[in-house]
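In: Here is the input, now give the coordinates:
(one chain, ligands or ions: 2)
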Amino acid sequence: MKIAIIGTGNLGSSIAKGLINNKSFTSLYLSDKNTSAVKAFSNEDYVTLTDDNVLAVEESDMVIFALQPKHIDAVLTSVAPKITENHVIISVAAGVDILRIEGIIGSDKNIIRVMPNTAISIGKSMTCLCANEKGQEKIGLAQKIFDQLGTTMVISEDLVQAATVICASGIAFWMRLARATTQGAIQLGFEAEQAHELATQTCYGAASLLIESGRHPEQEIDRVTTPSGCTIEGLNAMEHQGLSSALIQGIVASFEKINQLKKN
Ligand SMILES: NC(=O)C1=CN([C@@H]2O[C@H](COP(=O)(O)OP(=O)(O)OC[C@H]3O[C@@H](n4cnc5c(N)ncnc54)[C@H](OP(=O)(O)O)[C@@H]3O)[C@@H](O)[C@H]2O)C=CC1
Ligand SMILES: O=C(O)[C@@H]1CCC=N1
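Out: Ligands and ions are numbered 1, 2, ... in the order given. I've put the predicted structure just below:
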């Protein structure tokens, strides 16, 4: 598969890193106004860095547009004449729906909306996908690529905004929880580096327990909370401060914001 990524910022460079680690292509064009974020990949086999978006489209079968929503319309318009019915066009732009993309390049093109997260750089993304009518026959192909870079789920387009909040923004939400745990550990006497390791490994253990056991979080909590013990004391103090409520309100605020962005 000949792949191009147009826009090599935070997400585009993360996708590039994941693809290169997995050698998931026969050629990879990385196109940006400024390719400094992916300079490290310039010596990789079959990777070309360019500032020519048209060339990247012409030389590829699958084109991933990793541009900010404010830039995507102009870039799609500029490359539209070069997009054929055989191309698989992927957009990761948050809040940019398929109808808007079809309005620029046509509904006769294979259009797939993909919502990964930055953990794609280490092959651990939770990635959601959906396609327009024409793209239905190619969604399996896109899924195969992203399956190599983590876990995928095909969803209906009306759930993409929610998936963006839970999975893409979710990386930042979980990072903040990890940071707070680190700060707590330092207050209790650990050096910063030790605190970081304790927090991240415990976080990794908790996620792995849920994934591997398939159990509900509360079942795992029941296995930790000794009656009258320190865990339930801590959990209840957190809930009195509104931990669950704060998380849910944050998720809903993020969802409301992304729906506003979609209207702009
Ligand atoms: N970051 C994340 O975790 C996630 C982001 N997304 C979505 O992915 C998209 C990209 O986000 P992110 O990577 O954070 O954004 P960035 O701004 O980091 O990356 C976008 C890149 O596109 C470049 N660019 C702008 N105009 C052009 C052009 N005409 N031709 C080629 N390249 C151009 C930008 O250059 P310059 O900076 O010079 O303008 C920048 O390098 C967004 O739509 C976002 O909603 C989705 C899921 C997760
Ligand atoms: O914050 C944002 O708007 C983008 C979409 C999800 C992650 N980053």
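In: What parts of the chain come near ligand 2?
Out: 94, 164, 168-169 (Cβ under 6 Å from any ligand atom). Backbone N, C-alpha and C define where each C-beta goes, glycine included.
In: of the residues you listed, closest to Asn22?
Out: Nearest to Asn22 among the residues of the chain next to ligand 2 is Ala168, at 20.3 Å by Cβ to Cβ.
In: If I look at that closest one, what pLDDT would I see?
Out: pLDDT, Ala168: 97.
In: same check, this time on Lys262
Out: 71.
In: Pretty sure it sits against Gly95.
Out: Yes - judged on Cβ atoms under 8 Å, Lys262 makes contact with Gly95 at a distance of 4.2 Å.
In: what residues are shared contacts of the two?
Out: Taking Cβ atoms under 8 Å, 6 or more residues apart in numbering as the criterion, Lys262 and Gly95 both touch Gln161.
In: what residues are up against the residue nearest the centre of the chain?
Out: With distances taken as Cα atoms, centre = their mean, the residue of the chain nearest its centroid is Asn117 (1.6 Å). Taking Cβ under 8 Å, 6+ apart as the criterion, Asn117 is in contact with 125-127, 167-168, 170-171.
In: now swap in Ala4 and tell me
Out: Here Ala4 is in contact with 28-31, 56-57, 59-60, 62-64 (Cβ under 8 Å, 6+ apart).
In: now, which of the residues you listed lie within helices?
Out: 56-57 (DSSP state H).
In: Export the contacts of Ala4 to TSV and append columns for neighbour count and pLDDT.
Out: Shown next, in TSV, are the contacts of Ala4 (neighbours: other Cβ atoms under 10 Å; pLDDT from 0 to 100):
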residue	neighbour count	pLDDT
Leu28	27	97
Tyr29	24	97
Leu30	29	97
Ser31	28	97
Ala56	26	98
Val57	24	98
Glu59	18	97
Ser60	23	98
Met62	20	97
Val63	26	98
Ile64	27	98
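In: can you tell me which of the contacts of Ala4 lies nearest to ligand 2?
Out: When those are ranked by distance to ligand 2 (Cβ to the nearest ligand atom), Ile64 comes first, at 15.2 Å.
In: Please name the residues that touch that closest one.
Out: 3-6, 12, 15, 90-92, 114 are the contacts of Ile64 under Cβ under 8 Å, 6+ apart.
In: Let's see that with 10 Å instead.
Out: 3-7, 11-12, 15-16, 19, 56, 88-92, 112, 114, 116, 142, 145 (Cβ atoms under 10 Å, 6 or more residues apart in numbering).
In: Now the residue in the chain positioned nearest to ligand 1. Nearest residue, chain neighbours left out?
Out: The minimum distance from the chain to ligand 1, using Cβ to the nearest ligand atom, falls at Gly9 (1.9 Å). Excluding the flanking residues, the one nearest Gly9 by Cβ to Cβ, 6 or more residues apart in numbering is Ala37, at 6.3 Å.
In: Helices along the protein, start to end?
Out: Under the criterion DSSP H, the chain contains helices at 10-22, 53-58, 69-79, 98-105, 139-147, 160-163, 170-187, 192-213, 217-222, 230-240, 243-263.
In: which stretches of the stretch 101-250 of the chain aren't confidently modelled?
Out: Applying pLDDT under 70 to the stretch 101-250 of the chain picks out no residues at all.
In: For it, give the residue positioned nearest to ligand 2.
Out: Closest point on the stretch 101-250 of the chain to ligand 2, by Cβ to the nearest ligand atom, is Ala168, at 3.5 Å.
In: quick one, what contacts the closest residue in space to Gly250 that isn't next to it in sequence?
Out: Distances taken as Cβ to Cβ, 6+ apart put Phe173 closest to Gly250, at 6.7 Å, once the chain neighbours are dropped. Neighbour list for Phe173: 165-166, 247, 250-251, 254 [criterion: Cβ under 10 Å, 6+ apart].
In: Could you find the closest non-adjacent residue to Ile166?
Out: Ile251 (7.0 Å).
In: and the protein, which residues reach ligand 1?
Out: Counting by Cβ under 6 Å from any ligand atom, the chain sits next to ligand 1 at 6-12, 31-34, 53, 66-69, 71, 75, 92-94, 115, 117-118, 168.
In: just the buried members of those?
Out: 6-8, 11-12, 31-32, 53, 66-67, 75, 92-94, 115, 117-118, 168 (16 or more other Cβ atoms under 10 Å).
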